[in-house]
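Student: no sequence on hand, only this structure:
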Ligand SMILES: [Mg+2]
Ligand SMILES: [Mg+2]
Ligand SMILES: [Mg+2]
Ligand SMILES: [Mg+2]
Ligand SMILES: [Mg+2]
Ligand SMILES: [Mg+2]
């Protein structure tokens, strides 16, 4: 099997678990006596909004469990890890269905946004709620008797709250229809990215994998001074938040620099008034004249203005600033990862190396 | 102190707890490094949407704990019960902020709906999410070390899911803008009411009170045959769901029959195409001609059509049907309540009698 074939098989196996849990959710729903029309609706909601993405977040739960265990998983281990992976994907679906409404977006993953379907409309709000509720239904059915059940619930709750905090700050910092760059800054960008993206996309999958692998709250490792106490969840967080920030900065950079052939879409951050790393870096570097150009042209639905902004980004040397940032942050991350002391049943460097390997210098 | 003064003092004490938990939530949010503008936003969200209702659901947690314990509560017992009460109110706020968007409602509790505030708009979706997230933040801070913590989380999750199921069925049965009475029936009405209202308004507060009072999963009581096992949560459910159904049927009836002076608002169920007990009863009783009148006049934003529907309701004797229903259901409920065998640390009849007393023959 080629590497591409292996990757496709891995994805197909993970998608197979979606079918199971979708059927489980829908059968439970029908079993509550819900009418056929509602059963179909819920099934459509799940099918339309949950699979179909890149599935990186969900599959990274399974990958991380494999790395932590250092061996192939039994069928049962795979299934439980994959359920947690789909819970992460359900959480993302919950956020995205709502985010598209709040952003007045048109398409998502190459199809109309759910709320744009004529029969759906604002019912999409309740549909997003049900995607979230599905998480807790699945956790109850599959994890209720585990000693880490409450930890798992706390983890999902906290991550959800963090993401919503980030979403709020994003929404009031960069409303789609009102440009005010005085609210923007690299610090604000960092806060939004950590809360809105990094916790749920990077920390949540790894922490799920750590819980299901029974990594304890603390453990002891050998150290120069004899021994040291490790808090592995805090340690993972201290690497995964900057990693998530790097991922989003890269995403912002690719939106500006990537060709459509490369990134598979046309960047719209400039016309959408996004609080992107690129514009925040430009704001930091701009002269008063350049700042005025930004104020007058950023975030407008106008191709000419977009061009002017792009030209300014080039003039300010954003590409070089990004390249330097990338090398620096990757160096820092590698150093931190290298400092992890590996013990049996503890964290493994490879968990983080694997994420970093997938992200570093990616072009899409 | 007069009974009205005692009632006002009871409410004021409960409202005092809201101030505390709001400040606790806002301080935690600010402590996460959120910008001042976002802190103000979250505080406004909580203040605008959480208190200000009748608070029956929230205060019934405290009342029920008092009845179960058979004595006044200590300050700490009161505080914990009141927090659970506010969690129920937060859950309702979460639903209502979203429901108003989905129903295109204009006002709520005598003020514009949150999403109608010009600066809010669709950000209200994320704001509703944050009201829900606040529940789990409060439960974690105040109940994490309790042995019933996971039960409490399960209870809130399940109730949330049930309410969302009911909301979905309601939304697709009675869309605000498309009248199709062929979807209506008393059975459909019952399903919607039980799921959308009864679980969260009646079972949830009582089950919260039972958990915090440490009522066990099962206990034994004396019976004719020696002894019997009681499942108190199932028993409570078997009374509170029909009680909740009765409450909603009464609400539907008052929307039709109550004068504005009585109910403090003008009934709009007919023009709003609500899947109400009144129209479903009319559908059941209507001749083909009367049904045609309903099909042509129900759910239209037209005062003349509304009048015709009202006249038909009178013609069909809805008032008498309701009066008979009320006496029958109250009789059934009293019988069920009377059958409860009281033991120490078990369920008390008064829990249910107190609810019934507040509802029976109410006129607002
Ligand atoms: Mg968006
Ligand atoms: Mg957005
Ligand atoms: Mg992007
Ligand atoms: Mg409504
Ligand atoms: Mg509604
Ligand atoms: Mg009503």
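Tutor: Cool, the structure landed. Keep in mind the model is a prediction, meaning the values are calculated, not measured. Ligands and ions are numbered 1, 2, ... in the order given.
Student: in the stretch 51-200 of chain A, what residue lies closest to ligand 1?
Tutor: residue A:103 (3.8 Å; Cβ to the ion). (C-beta placed from N, C-alpha, C; glycine too.)
Student: give me the number of residues near the closest residue to residue A:124 other than its chain neighbours?
Tutor: Taking Cβ to Cβ, 6 or more residues apart in numbering or on different chains, and ignoring the residues beside it in sequence, residue A:124 has residue A:115 as its nearest neighbour in space, at 3.7 Å. Burial measure for residue A:115: 20 neighbouring residues, criterion other Cβ atoms under 10 Å in any protein chain shown.
Student: same question for residue A:303.
Tutor: The number of residues packed near residue A:303 is 8, by other Cβ under 10 Å.
Student: tell me the pLDDT at it?
Tutor: In this model, residue A:303 is scored at 92, pLDDT.
Student: again, but for residue A:272
Tutor: As summarised for this prediction, residue A:272 has a pLDDT of 89.
Student: am I right that it is in a helix?
Tutor: No - note on residue A:272: no helix contains this position according to DSSP: H, G, I helix; E, B strand; the rest coil, which reports coil.
Student: pick out the residue in chain A sitting closest to ligand 6.
Tutor: Taking Cβ to the ion as the measure, chain A has residue A:126 as its residue closest to ligand 6, at 18.5 Å.
Student: got a list of what that residue touches?
Tutor: Taking Cβ atoms under 8 Å, 6 or more residues apart in numbering or on different chains as the criterion, residue A:126 is in contact with B:98, B:102, B:164, B:167-168, B:171.
Student: neighbour count and distance to residue A:151 for those residues - can I get that in TSV?
Tutor: Output for the contacts of residue A:126, formatted as TSV (neighbours: other Cβ atoms under 10 Å in any protein chain shown; distance: Cβ to Cβ, whole Å):
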residue	neighbour count	distance to residue A:151
B:98	27	29
B:102	18	34
B:164	24	25
B:167	24	30
B:168	26	31
B:171	23	35
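Student: neighbours of residue A:307, how many?
Tutor: Other residues near residue A:307 come to 12 when the count uses other Cβ under 10 Å.
Student: return the list of helices and strands in contact with the helix or strand harbouring it.
Tutor: Counting by DSSP states H and E, the secondary-structure element that holds residue A:307 is helix A:303-315. In this structure, helix A:303-315 makes packing contacts with helix A:277-285, helix A:288-297, judged by 3 or more Cβ pairs under 8 Å, 6 or more residues apart in numbering or on different chains; DSSP states H and E.
Student: ligand 4 versus the residue nearest the centre of chain A, what's the distance?
Tutor: By Cα atoms, centre = their mean, the mean C-alpha position of chain A lies nearest to residue A:201, the distance being 2.9 Å. Between residue A:201 and ligand 4 the distance, using Cβ to the ion, to the nearest Å, works out to 34 Å.
Student: circling back: contact partners for the residue of the stretch 51-200 of chain A closest to ligand 1?
Tutor: Contacts here follow Cβ under 8 Å, 6+ apart; on that basis residue A:103 touches A:176, A:272.
Student: what's the pLDDT at it?
Tutor: Residue A:103 is given a pLDDT of 91.
Student: nearest to residue A:345, out of the contacts of residue A:126: which one, please.
Tutor: For residue A:345, the closest of the contacts of residue A:126 turns out to be residue B:164, at 39.2 Å, with distances computed as Cβ to Cβ.
Student: which SS class is that closest one?
Tutor: In three-state terms, and counting by three-state DSSP, residue B:164 is helix.
Student: can I assume it is in contact with residue A:130?
Tutor: Yes - taking Cβ atoms under 8 Å as the contact criterion, residue B:164 and residue A:130 are neighbours in contact, 5.1 Å apart.
Student: circling back: same list, the helices and strands packed on helix A:303-315, but as a markdown table with mean neighbour count, mean pLDDT and distance to residue B:212 please.
Tutor: What follows is these, written out as a markdown table (neighbours: other Cβ atoms under 10 Å in any protein chain shown; pLDDT from 0 to 100; distance: least, Cβ to Cβ, whole Å):
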| stretch | mean neighbour count | mean pLDDT | distance to residue B:212 |
| --- | --- | --- | --- |
| helix A:277-285 | 22 | 96 | 47 |
| helix A:288-297 | 14 | 95 | 55 |
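Student: save those as TSV, and put in distance to residue A:151 too.
Tutor: Below are the helices and strands packed on helix A:303-315 laid out as TSV (distance: least, Cβ to Cβ, whole Å):
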stretch	distance to residue A:151
helix A:277-285	33
helix A:288-297	46
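Student: now do the contacts for residue A:90.
Tutor: With contacts defined as Cβ under 8 Å, 6+ apart, residue A:90 is in contact with A:50, A:131-132, A:134-135, A:138.
Student: of the residues you listed, which is the most crowded?
Tutor: Among those, residue A:134 has the most neighbours (other Cβ under 10 Å), with 29 neighbours.
Student: which residues does it contact?
Tutor: Applying Cβ under 8 Å, 6+ apart, the residues near residue A:134 are A:25, A:46, A:90.
Student: equivalent analysis for residue A:326, please.
Tutor: A:246, A:250, A:360-361.
Student: may I ask which of the residues you listed has the most neighbours?
Tutor: Per-residue neighbour counts (other Cβ under 10 Å) across these peak at residue A:246, which has 25 neighbours.
Student: what helix or strand does the residue nearest to residue A:77 when sequence neighbours are not counted sit in?
Tutor: The shortest distance from residue A:77 to any non-neighbouring residue, by Cβ to Cβ, 6+ apart, is to residue A:65 (6.9 Å). In this structure, residue A:65 sits in helix A:56-69 according to DSSP H and E.
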